[in-house]
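1. Quick one, structure for this:
(chains A and B)
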There are 2 protein chains.
Amino acid sequence: MVKRYLSLIPFDDALHLLKSSFNNPGKTETVPVTKTLGRVIATPVYARYSVPEVNLAAMDGIAVKSRDTFGATDQCPVTLGDFARVNTGNILPPQFDAVIMIEDTWEAGDRFQIRKAAFPWQHVRPAGDDIREGRLVLPKGHMVRAFDIGALATYGIAEVEVTMARVGIIPTGSELVPLGTRPQPGQVVESNTIMAQVLLASMGAVCERLPIVRDEPALIQEALLKAAEKNDLVIISAGSSAGTRDFTAGSIAAVGELIFHGVAVKPGKPMMLGKVKDTPVIGLPGYPLAAQTVLREFAVPLLEHWGLAPFPKQVVRAQLATPLASDLGFDEFVPVSVGRIGKKYWGISRSRGAVVQMSTVRSNGYTHIPALVEGYDAEHELDVFLTTDPANIERTLLFSGAIDPVLEELGNLAHDQGLFIHTASAGTTSAILSLKRNSCHAAPMSLPSFSIIKECRTLLPYLESLDLIFVNIATQEQGIVSVKEISTDALDSLCWVNTRKDSPARHLFDALLLSHQIEPSRIQGYDNEAATPGAVAAAVLAGQADAGICTKGLAEKHGILFLPVAQEQYELVMRKEMLEDPRIITLISLIKSPAFKSHLNCTGFYSTTLTGRIRSLSSENIEMP
Amino acid sequence: MVKRYLSLIPFDDALHLLKSSFNNPGKTETVPVTKTLGRVIATPVYARYSVPEVNLAAMDGIAVKSRDTFGATDQCPVTLGDFARVNTGNILPPQFDAVIMIEDTWEAGDRFQIRKAAFPWQHVRPAGDDIREGRLVLPKGHMVRAFDIGALATYGIAEVEVTMARVGIIPTGSELVPLGTRPQPGQVVESNTIMAQVLLASMGAVCERLPIVRDEPALIQEALLKAAEKNDLVIISAGSSAGTRDFTAGSIAAVGELIFHGVAVKPGKPMMLGKVKDTPVIGLPGYPLAAQTVLREFAVPLLEHWGLAPFPKQVVRAQLATPLASDLGFDEFVPVSVGRIGKKYWGISRSRGAVVQMSTVRSNGYTHIPALVEGYDAEHELDVFLTTDPANIERTLLFSGAIDPVLEELGNLAHDQGLFIHTASAGTTSAILSLKRNSCHAAPMSLPSFSIIKECRTLLPYLESLDLIFVNIATQEQGIVSVKEISTDALDSLCWVNTRKDSPARHLFDALLLSHQIEPSRIQGYDNEAATPGAVAAAVLAGQADAGICTKGLAEKHGILFLPVAQEQYELVMRKEMLEDPRIITLISLIKSPAFKSHLNCTGFYSTTLTGRIRSLSSENIEMP
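-> Residues are numbered from 1 along each chain as shown, chains lettered A, B, ... in the order given. Sure, this is the predicted structure:
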C-alpha cells in the first residue's frame, strides 16, 4: 500500500497523460440517417440539390411575367394573355417570375384582368429557399438531433459519416459471476463492464465486452493483446481483490507499458493507465464507485477528446446542507442530492463508500472537491453536476432525519406524482438544525411522547422560533428486544447493544435509564453502537448482546422477544410555511391517501390511527391552510 | 380556408382534449438491463438479496468476538485463541462480530495478542451495507441512467419492466418519394415520418412506419384502420397539399371520429385529432416545421402523460436581439439562436417559414409566444427552450449582418474548435445597431471602399462611440451583371433588378447612381427587390432584367457578363473589447489560418491579400492585444 501511495499521480496530470500519450484514432462509420440521433458528424454534410429545386408557386393563382403587370391600377386595369394557372407548391414555369393570388384577378374570357402590378418574385417560393445545392447542412462536430434528421431526409441524405471508436472491455476476477447467475456469498456479479459498455456506447463507441478472465497473468495478458489489436481503447476491469489488481498492472507491463498505477482521486485511486500495441489501456478499479469515477473522469473525456458525442454536464450552484470533509491532496468526487428550498438550492452529500452503489442511484448529482481543498463548511456554495434533468431538481424534496423503510413507499407514491424524495440519515438534533438552516424540506423524526420534553430542554428555543408543524406518518412501538425474558427492574444486569448517538432508539434508552435512575456508565455495552436498528436485532439474535432497543416490527422480523416501552410517533417535521409549497401539499395528500395507509397496515408494523394528523407544538391539530 | 380558421381550437384546449379523450394504454415491456438507458421504470425494482449478503471483513486482520477483547490495554494485553484470519472482502464467520487490523496484533504462537479492545462491528462491512433484501432500488417512473444499470447488475437484476407505447406512423401524399429516391422537381422526399419515428422512439415508443399511402380516401382509411388496431397512437402525416389534408380529415371521420381539425398554433395550424377504434390519431401537417411543432407540442406531451421518458426541456432566459412579431390569437413557436455576450444571453429569432427546415437546423433553441401576446420589442427577456446542451450556448457566437457563403467554411473550422457560429441576415444599418446594443458578437459587413463615407454620414456617431474594429475576411469584386455588353454611360436606359434595402449591393447601386447623378426614380425596376444576390444573377440570366449588381463569383457561376464597379471588403465588425474574449481570439486565428485562406483561394471568387487584417476607423492596422 505504501508503495502505491508514493506513486499517486495528481488528477490533472493523469488526465493530461491520458489525452497526450495517444493519437486520436479518428475512426468514423457511415450509418443510415435514422440511426444518427446523438451521434457526431465526422464529415460535413452539404446539400446535394437545392430545396426546392425550382421556383414554386406560394399561392393559388396565376403565374405571370411581372413586367407585363407594370402600371395596372383600379383606374387602369391590365388584361393578361400570357399566364399559367398554378396552385400552391406547383412548379412556376420558367418564363414567369411572379404569382398573383386568384382573389386578385378577374376572369375575362380566357384571359385575366388585374388591377395591381405584381412585383418580381411576388408569391414565389424561390429555388433554394430552404437550402441551396452545395450549401452546408451540418458541420463537422455537430451532434445530431431528431429534427436535423428530418432535414437530412428532406435533402435526400440517406447516410452520414459519424465519429466512433472501438472499445474492448475486459472483466477480470475469479470472484466474479456473470449477470444472470445468482452469486454465492463472497461472489460478486460482474457489473462494472456492463456499466462501462452502456456509458461509452451512449457516446457513439462500439463496445465489445469480453468474457470474464480468471485471475491468472497469462490469461490476462492474452486478453489484453487480443483486445488491444482490435480496439482503439481497452478498458480492463480489475476485480475487487488486491491480488487481482497486481496481476493487471504486471500483465500490462508484460505485454506493453504501464504508464501509471494510482491516481490522487477518490474514489478511483487504484486506476491504471497503460499502452499495449499503441492502444491506451485504462485499468478500472473493482469497487463500483471507483469504477464510475474513472469511467466518467477519464474514459469519457478521452472519447470526447477524440470527437465522440460529448457527455452532458449540467451544473447547478448549491449550498451544502452539511459540512463535507475531504482528503487534502486528493481530487474527490462525492454523490450529492440537490433540491430547491425557497429560492436556494441545497445539496446533501451522500455516502462515499466506494462499494455503496445505492449512493449514486439515490443521488441526482455529484460534486468535485479539488485536491487542495480540505473540505467545506455547511452553507458553502459549490458546483453540483447533475445526473438528472435539471427540471427534476425543482421537483426534488430533501428529507433529513430518521429514515424508516416506510419512506420508501411514500417515495414510490410521490415519484408517481413527479416528486422525487431524497432522504439523508441524520440524528434528531442535526435534523432540527437543518430545519433551522432551512436546508431540508422536512425532517422525518421519531419522538416518543415522553422523551420530547427532554429533547426540548435544549431544542425548544429552535423549535419555538421556527413555528414547526408535525405531520404524522405512522405510529410504531419501540421496546426492548431480547432472546430470554427480561425484567425492567434489572436493566443494569444485562449486556446491551446501543444505537448511534442522537438516534431515536438511543434517546429512548437514555430516557428509560433516567426514569430508572441508572447512570449510563453502569450499563455494560452502552458504548457499543450498532450501525442500524436492524443490526440491534441481529446482534441480540446472534447472542452478541442480551438486550437492545428497536421497533416491534424488527423484533417480529427477527423472531425475538419484545417488551414495549413507548409509542413512537414517526412524523415529518417541517416549517409551517412549507404548507404553502404545492409539492408539500401533494406530499401530505399522499400521506393521507388510502393507498399509503393500506401499505402501512399491510406491513403489520405500524398503526395508522394518527396518520396524516398535522399538529404544532402548541396545538394538537391544525388545519391545512 | 375560411371554414378552417373559424374552427381553430386554442393550443391549451387542444392539448387538454388530446390528453383527456383517451385512456393511458399503460403498456410496458420487459427488457434486458443493458437496454434500459433512458427508459422509464414501470414496476418498482426491489433488491432480491442483500448486497453484501453476509458480513464481510473490511480490513486484512483477524476476526474476533468483541466481547473477548474487552479490557485489553497496553498495560493489560489480552491473548485471543478464538479468531479467524481474514482478508478484505472475505466472509466474516458468523460467530465473530469484529475485525482487528493485522497491524494491531502481535502473534503469540498460534494465538494473537491485542492491546486495545475491539468495538462490535469494528472493520466489518455489514450485510446489506449497499442494499438490503427487499429494499427499493428504483421507483416507478425513474428514468434509468448508465450508473443505475451498473447497480441493477450488481444486485443480480437482469431484466426490468419499462414503459412503452406502440406508435404507428402513416405517410400520405402522391407527391412523396421515399428516402433514397432522387425527387423530381415537384416531388418531395418523405421525411416527416422519419423525424416522428426518431423523436418518439427516443422516448421509448416502439414505432412502426408504414409505406407511403397515395392520396386516395379508400387507401388512407384502410391504413388508418390497420394502424389503429395494432397501436396505442397513430400519427398520420398529411402530405403538403390542401387536397391531401382534406382526404385525411374525411378519412378519419369515415372510419372513426374527427375530434378537431385546426389549432391556433403557428406553425401547425392544420393539425387534426381523431379517434379510430379508441386509438388517438394525430394528423401531422405536411410542412416540416408545422410537423415538428405538432410532434413536440402534442405527440411528445401525450407520451409523457402516458409515462414514457420525459423530453428534456432546458430553459435559458434571453433578451431578444431584434423585435419579434406574433399573430394575436395564435400560440407561436419560433426557432431561436442563443448566445452569451458579456454576462447577458441574447436570442436571435430565425425564419418562421414552415418549409425552411434549415431554420431549425441552424438554431439552438426555440421560444413559445403565447396566444395573447402580439409580439415583443427588442431587448424583451423571454424563455428559450434549448435544443442543444446548455454548455454549447457558452460557445456560441452570434453574427448579425451580410451573410456570405464563405462564413460556412469559417463556421466549419470554428465548429471543429468547439465554437458554434450562428448567423442572422441583417442590413448594414441594422447590423451596426446590433453592435450598439451589444446583441451580437460580430457583424459581417461588405463595405465598398467608396461607399463607406456615405454610410458613415448617418452611422459615424455610432461607429465612433463604439470603438469598433474591422477584421478582414476576404476581398471580392462587386459589379454590374448583364447578358449583353452594357455601358455605364446609360444606366437609366436599362431595366434593373435591385436587392433588398440596406444590402451591400443596394448601397453600391445607390452610390453608383449618385456618382452618375441619376435619381433612383428614373431607374426602371429600382423597386424590384430580388430575395438574394443569387436571384439577381438568375433574373438577369432569365432575361427578367437587363442588369443588376452582384459579385464576380456569382456572375461567373451563372456565366454572364461582369463589369467591375468596386472592391468590396468583407469584414467582421465588432467592438474592440471583443478582442479579449477567448472565443474571438480563436475565431481570428481561424480567419488567419492557412486552411481558411486556401479555401477562399480555391473558390476563385475571393482575394485573400487582406484576410486577417484588423483595422479600426482611425488606423489601417491594429495589433491583437
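2. Wait, A:I102 touches A:G61, no?
-> Yes: counting by C-beta atoms under 8 Å, A:I102 does reach A:G61; the two are 4.4 Å apart. Where C-beta positions appear, they are placed from N, C-alpha and C, glycine not excepted.
3. Neighbours of the residue of the stretch 251-400 of chain A found nearest chain B, how many?
-> Closest contact between the stretch 251-400 of chain A and chain B, by C-beta to the nearest C-beta, is at A:Q357 (3.9 Å). Per other C-beta atoms under 10 Å in any protein chain shown, the neighbour tally for A:Q357 reads 29.
4. now do A:L447
-> Neighbour count for A:L447, taken as other C-beta under 10 Å: 21.
5. my read: it touches A:E568, true?
-> Yes: with contact defined as C-beta under 8 Å, A:L447 reaches A:E568; the gap is 7.4 Å.
6. Please point out which parts of stretch A:199-212 sit buried.
-> Within stretch A:199-212, the residues that qualify as buried are A:L199, A:L200, A:S202, A:M203, A:G204, A:A205, A:C207, A:R209, A:L210, A:I212, counting by 16 or more other C-beta atoms under 10 Å in any protein chain shown.
7. Narrow the residues you listed to those in strands?
-> A:A205, A:C207, A:R209 (DSSP state E).
8. now the helices for the stretch 51-200 of chain A?
-> Assigned by DSSP state H, counting those that start in this stretch, the helices in the stretch 51-200 of chain A fall at A:66-69, A:146-154, A:192-201.
9. B:S349: which of these is closest?
-> Closest approach to B:S349 among the helices of the stretch 51-200 of chain A (C-beta to C-beta): helix A:146-154, 16.6 Å.
10. now for the closest one, which elements pack on it?
-> When contacts are defined as 3 or more C-beta pairs under 8 Å, 6 or more residues apart in numbering or on different chains; DSSP states H and E, helix A:146-154 sits against strand A:136-138, strand B:188-189, helix B:192-201, helix B:288-294, helix B:357-361.
11. List the buried residues in that helix.
-> Quick answer for helix A:146-154 (16+ other C-beta under 10 Å): A:A146, A:F147, A:D148, A:I149, A:G150, A:A151, A:L152, A:A153, A:T154.
12. between A:I102 and A:G61, which one's more packed in?
-> Shown here are A:I102 and A:G61; by other C-beta under 10 Å, A:G61 has more neighbours (24 against 15).
13. Which strand residues bridge the more buried one?
-> A:G61 has these beta-bridge partners by DSSP bridges: A:V86, A:M101.
14. correct me, but it touches A:V99?
-> Yes: contact criterion C-beta under 8 Å: A:G61 and A:V99 qualify, at 5.1 Å.
15. Give the residues shared as contacts by these two.
-> Residues touching both A:G61 and A:V99 by C-beta atoms under 8 Å, 6 or more residues apart in numbering or on different chains: A:V86, A:H123.
16. quick one: the residue found closest to A:Q184 once you drop the neighbours it is linked to in the chain from B:A153, how far?
-> Distances taken as C-beta to C-beta, 6 or more residues apart in numbering or on different chains place A:V177 nearest to A:Q184, at 8.0 Å, with adjacent residues excluded. Distance, A:V177 to B:A153, by C-beta to C-beta, to the nearest Å: 11 Å.
17. anything in contact with each of the two?
-> Common neighbours of A:V177 and B:A153, using C-beta under 8 Å, 6+ apart, are A:V189, A:E190.
18. Strands of the stretch 101-250 of chain A, residue ranges please.
-> In the stretch 101-250 of chain A, the strands defined using DSSP state E, counting those that start in this stretch lie at A:105-108, A:111-114, A:124-125, A:136-138, A:159-163, A:165-171, A:176-177, A:188-189, A:205-209, A:233-237.
19. Perfect, that will be all.
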